[in-house]
Structures are given as C-alpha cells and as structure tokens.
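A.B. asks: What follows is a protein structure lacking sequence information:
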C-alpha cells in the first residue's frame, strides 16, 4: 500500500502499565503498517508533578492493576519489588517527569524517542526503579546513548515544559479514552481505533479501512 495522507497518533504515558502490556502488539502493528501511515507519539500525562509519597490505597490499586494486566495479556511481566518499602523507591503518583524525559530525549536525538520510552518502562516494570526521579531518567538517557548532562538540563528547561503542555492539550483533543489510545487523523476527521491487547489484526484492518476510505 502506498503512503497515505493520514496520521496515526499513539497517545501514551511511559509509566502507564497498560501501555507496557500493549507494547508487543503495538510493535507488531507498527511493523505491519510500515510506511503506509505517519505515526506520531503523544505523551498524555497520567499524573502531575508531586513530591508526596503515594497513598497506600493507590499503591494497592496499582498492584491490582498489574495483576489484571498479567492475566489479560499473557507474557506481560512486572517486578513487584517496586512496592516493597525496603526497595527505597518511594512510589509517587507523578508521571510528568517521565513524559518530559521522552520529550527531552527526542529533542536531543529524534531517533531515540522510542528507545527512551522502552528504557523507562524496563527501569520501572522490570528493574523496580522509580521513573518519577530525575536521576533514574538520566541513567536511562545515558544507557541509550544520550548526553546525560544535556538531558538533565533539557528536562527542566522552559522549552520542554512548553512542549509537555502542548502534548497534554493535544492528547485531550485527540481522545478521551485514556492510555494507550490510537487515533487516526484523515481529511480533518478523527477516527478512534479500538485496541486489542493480544492481536494486531483487527487494529491493522481498522486502520487500513480508514486510510483507504474515499474523501
């Protein structure tokens, strides 16, 4: 199929556990689509900045969500050591830092946007590190080949904050379905793509249907 004039928006948050579960099928879908559609990542921002420890009730709720995801999406793994008080991770309900990290990585090297997202997810879900902390994010940046010092300067810069606010606004305009979401923009119209966390076929067909639709 030839490239279309459509844009597929992937609305996500690096600390969204459902986005982590969706990752394998999303990667498969991207490979199937190839260059037929322009794909743009949009960070949605699950939780604003906070230095307060996460409430115990919220911690229990998120652990339960992880368990549901493992049941719903076979093969998805989480490291529950993150919730162990002895791990010194001090969970906080704050995902904006990780969203800024993705934008700072993209600013420094646009080809490393997806690597930064994956690095944050692996640090959080597999290695029980806290991506609400700048030092963890800088460590991920360094591990994927970014200049860590420049990264730390950029992530707290007004330019990145402006980008974040623009992304949050765009995410709200595109979808109210939460994260992750897939939305196609074509001919000034928006088309939501229903998600399947275990099979890419229906999503691929839905996208092809939109792309191939006449004006």
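C.D. replies: That came in fine, so what should we check first? It should be emphasised that the depicted structure is a prediction, and the values quoted were computed from it without experimental measurement.

A.B. asks: Any stretches of the chain with poor pLDDT?
C.D. replies: 1-4, 87-88, 213-215 (pLDDT under 70).

A.B. asks: all helices of it, in order?
C.D. replies: With DSSP state H as the criterion, the chain has helices at 17-33, 56-72, 96-108, 113-121, 134-143, 148-155, 158-174, 201-212.

A.B. asks: Can you list the helices and strands that the shortest one packs against?
C.D. replies: Of the remaining helices and strands, those touching helix 148-155 by 3 or more CB pairs under 8 Å, 6 or more residues apart in numbering; DSSP states H and E are helix 96-108, helix 134-143. No exception for glycine: its C-beta is placed from N, CA and C like everyone else's.

A.B. asks: before we move on, back to that, ok, which of the helices of the chain comes nearest residue 184?
C.D. replies: Residue 184 sits nearest to helix 201-212 of all these, at 4.9 Å, using CB to CB.

A.B. asks: Give the buried residues for the closest one.
C.D. replies: The neighbour-count check on helix 201-212 (16 or more other CB atoms under 10 Å) flags 203-204, 206-208, 210-211 as buried.

A.B. asks: Stretch 86-95 now?
C.D. replies: 89, 91-95.

A.B. asks: do stretch 26-45 as well
C.D. replies: So, applying 16+ other CB under 10 Å, buried residues of stretch 26-45: 26, 29, 33, 36-37, 42-45.

A.B. asks: so which of the helices of the chain is the most packed in?
C.D. replies: helix 96-108 (a mean of 24; mean count of other CB atoms under 10 Å).

A.B. asks: Could you tell me the angle between it and helix 148-155?
C.D. replies: 120 degrees (axes from the mean of the first three to the mean of the last three CA atoms, to 10 degrees).

A.B. asks: What is helix 96-108 packed up against?
C.D. replies: Secondary-structure packing of helix 96-108 (3+ CB pairs under 8 Å, 6+ apart): strand 38-43, helix 113-121, helix 134-143, helix 148-155, helix 158-174.

A.B. asks: hmm, who's touching it?
C.D. replies: Applying CB atoms under 8 Å, 6 or more residues apart in numbering, the set of residues contacting helix 96-108 from outside is 13-15, 41, 43-45, 47-49, 112-113, 115-117, 120, 131-134, 137, 140-141, 144, 146-147, 150-151, 154-155, 157, 159-161, 163-164, 167.

A.B. asks: still on that earlier bit, which of the buried residues of stretch 26-45 sit farthest apart?
C.D. replies: The widest separation within the buried residues of stretch 26-45 (CB to CB) is 29.0 Å, between 36 and 45.

A.B. asks: Could I get the buried residues of helix 201-212 in TSV, plus columns for distance to residue 184?
C.D. replies: Converted to TSV, the buried residues of helix 201-212 look like this (distance: CB to CB, whole Å):
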residue	distance to residue 184
203	11
204	12
206	9
207	6
208	10
210	5
211	7
